[in-house]
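[1] Take this sequence and fold it.
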Amino acid sequence: MYDFIDLTKLGIFLNSFISAIILFFFAIKKITLALDLLKSSE
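    Residues are numbered from 1 along each chain as shown. Have a look, this model is predicted:
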């Protein structure tokens, strides 16, 4: 039972970690797109 609780905690941690990485890359893509738009508008 104890091992099972550790596995669920690890799974939740991995899920939040992966979603954080995805959000991070998404934010970088949006920032680079915004910078490109600013450069092209000048």
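[2] quick one: low-confidence parts of this structure?
    1-2 (pLDDT under 70).
[3] need the helices for it, in chain order.
    2-41 (DSSP state H).
[4] Now do residue 14: how many residues are near it, please.
    Neighbourhood size, residue 14 [other Cβ atoms under 10 Å]: 10. Just so you know, the C-beta spots here come from the backbone N, C-alpha and C atoms, and that holds for glycine as well.
[5] I misspoke; the intended subject was residue 9.
    As a measure of burial, residue 9 has 10 neighbours, counting by other Cβ under 10 Å.
[6] Kindly report the same for residue 39.
    8.
[7] Against residue 28, how distant is residue 38?
    As for residue 38, its distance to residue 28 is 16 Å (criterion: Cβ to Cβ, to the nearest Å).
[8] ditto for residue 41
    20 Å.
[9] Over to residue 21?
    11 Å.
[10] can you check residue 39 too?
    16 Å.
[11] cool, residue 36 as well?
    13 Å.
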